[in-house]
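Peer 1: 3D model of this:
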Amino acid sequence: MGNLVGEMDDVLLEVRNLKQYFPVKSGLIQKITGYVRAVDDVSFSVHKRETLGLVGESGCGKSTTGKTLLKLLDPTAGEIIYQGTHLEKLSIKEMRPFRREMQIIFQDPYSSLNPRMVVKDIIAEPLIIHKLAAGVEIQQRVHDLLDLVGLNKKHAKRYPHEFSGGQRQRIGIARALAVDPKLIICDEPVSALDVSVQAQVINLLEDLQSQLGLSYIFIAHDLSVVKHISDRVAVMYLGKIVEIAEVDKLYSNPKHPYTQALLSAIPEPQVSGTKRERILLQGDVPSPIRPPQGCHFHTRCLYVRPECKEAYPPLRDLGSNHFAACFLAKP
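Peer 2: Predicted structure coming up:
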């Protein structure tokens, strides 16, 4: 696999051959007739202080990957190694200390906050659960966290519905930061926000990473946002990673036909005399219950060859830590 998982002393999280299958049941006795292969043999690493972007079409398995890494969903198979510890082997009780280390920011900043709790209670809850503060110390910690994410301590007594979408997402970020995590999974944290507010939240995440030394897995479908915030980018299609590389290399020289099609869809201002060719994919994304034999993308690929229909291409190192799962990809 080359350096797909990076140098061990610099790796915070390592994922090996991760699978998340959901059973499909039918009939009166609910017999299992198949499986939805939401995450299918995924491997990657996250380095300390790094942002790994995870992109792809809706339904490709991005969010499921994030939830499985946190063991909000138990993995079907594979390894999740956090600083040398195999999380997939841990019980609920054994997993608890690691929940402090790994947090999540959800996509919808409203439904992820309890509407019956005021802000100070929302942010204080993880402090109480993990016994990190008590009494007056909790109030001071809540005020410090609100200040850290750009909110006023007066906001502590308000309910979530009294805030704008951007402010609610800042509250969600403050809650995630309450337990001093090292890794935060950002599950499309700006997709529900206005464009102007998106920029504020992205800048906040970058500032917090610089101040606190955080690592991010940034899940999104907006490739412009991913390019701005990421150090490396992994591209998913139908539950598999088809390409992974440093952000500049991936955007300037994509190797996989699916990545090329995604990048061609990014809106860009037209410069006089230049016109970028738009790659239009034919057909629909195949069912994750019955993915095509061979390369899952061959049913929509413009460059399909006979071997693409027979075997799935391995994720090969093309040099300079640029990996692609395509028979046509060359260094």
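
Peer 1: hey, what's the residue positioned nearest the centre of the chain bridged with?
Peer 2: By Cα atoms, centre = their mean, the mean C-alpha position of the chain lies nearest to residue 219, the distance being 3.1 Å. Residue 219 has the following beta-bridge partners by DSSP bridges: residue 54, residue 187.

Peer 1: check contacts around it.
Peer 2: By Cβ atoms under 8 Å, 6 or more residues apart in numbering, the contact set of residue 219 is 54-55, 62-63, 65-66, 185-188. Where C-beta positions appear, they are placed from N, C-alpha and C, glycine not excepted.

Peer 1: tabulate those residues (CSV), appending neighbour count.
Peer 2: Output for those, formatted as CSV (neighbours: other Cβ atoms under 10 Å):
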residue, neighbour count
54, 30
55, 25
62, 25
63, 19
65, 28
66, 22
185, 28
186, 26
187, 22
188, 21
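
Peer 1: for those residues, name the two members farthest from one another.
Peer 2: 55 and 185 (14.2 Å; Cβ to Cβ).

Peer 1: before we move on, back to that, from residue 226, how far off is the residue nearest to the centre of the chain?
Peer 2: Distance of residue 219 to residue 226, computed by Cβ to Cβ, to the nearest Å: 9 Å.

Peer 1: picking that back up, gap between the residue nearest to the centre of the chain and residue 50?
Peer 2: 15 Å.

Peer 1: for residue 157, same thing?
Peer 2: Residue 157 is 37 Å from residue 50, by Cβ to Cβ.

Peer 1: which one's more surrounded, the two?
Peer 2: Higher neighbour count among residue 157 and residue 50: residue 50, with 21 against 11, using other Cβ atoms under 10 Å.

Peer 1: what's the pLDDT at that one?
Peer 2: For residue 50, the model assigns a pLDDT of 97.

Peer 1: what mean pLDDT does stretch 249-267 have?
Peer 2: What stretch 249-267 shows for mean pLDDT is 91.

Peer 1: secondary structure element holding the closest residue in space to residue 51 that isn't next to it in sequence?
Peer 2: Nearest non-adjacent residue to residue 51, counting by Cβ to Cβ, 6 or more residues apart in numbering: residue 216, 4.3 Å away. Assigning secondary structure by DSSP states H and E places residue 216 in strand 215-219.

Peer 1: for the helix or strand following that strand, packing partners?
Peer 2: The helix or strand immediately downstream of strand 215-219 is helix 223-229, counting by DSSP H and E. Here helix 223-229 touches strand 51-55, helix 195-212, strand 215-219, helix 247-252, going by 3 or more Cβ pairs under 8 Å, 6 or more residues apart in numbering; DSSP states H and E.

Peer 1: who touches the last one?
Peer 2: In other words, helix 247-252. 53, 226-227, 230-233, 235, 243-244, 259, 263, 320, 322.

Peer 1: now do the residue nearest to residue 51 against residue 244, distance only.
Peer 2: 15 Å.

Peer 1: returning to that earlier point: can you say which of the helices and strands packed on helix 223-229 is nearest to residue 13?
Peer 2: Closest to residue 13 of the helices and strands packed on helix 223-229 is strand 215-219 (Cβ to Cβ; 7.5 Å).

Peer 1: please save the CA atoms from the closest one in PDB.
Peer 2: Only the C-alpha atoms of strand 215-219 are listed here, as PDB (Å, rounded to 0.1, in the frame of the first residue of the first chain):
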ATOM      1  CA  SER A 215      -7.000  17.100  13.100                       C
ATOM      2  CA  TYR A 216     -10.100  17.100  10.900                       C
ATOM      3  CA  ILE A 217     -11.900  14.700   8.700                       C
ATOM      4  CA  PHE A 218     -13.900  17.100   6.600                       C
ATOM      5  CA  ILE A 219     -16.800  15.400   4.800                       C
END
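
Peer 1: just want the angle from it to helix 195-212.
Peer 2: For strand 215-219 against helix 195-212, the angle by axes from the mean of the first three to the mean of the last three Cα atoms, to 10 degrees is 160 degrees.

Peer 1: C-terminal to the helix or strand containing residue 94, what's the next element?
Peer 2: If you go by DSSP H and E, residue 94 is part of helix 92-101. For helix 92-101, the succeeding helix or strand toward the C-terminus, using DSSP H and E, is strand 102-105.

Peer 1: tell me the phi and psi of residue 316?
Peer 2: phi -100, psi 150 (degrees, to the nearest 10).

Peer 1: just to revisit the earlier point, output the contacts of helix 247-252 as TSV; include the columns secondary structure, neighbour count and distance to residue 163.
Peer 2: Shown next, in TSV, are the contacts of helix 247-252 (DSSP: H, G, I helix; E, B strand; the rest coil; neighbours: other Cβ atoms under 10 Å; distance: Cβ to Cβ, whole Å):
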residue	secondary structure	neighbour count	distance to residue 163
53	strand	26	27
226	helix	23	26
227	helix	17	29
230	coil	24	28
231	coil	17	31
232	strand	23	33
233	strand	26	31
235	strand	26	34
243	strand	27	38
244	strand	26	36
259	helix	26	37
263	helix	18	35
320	coil	11	44
322	coil	21	42
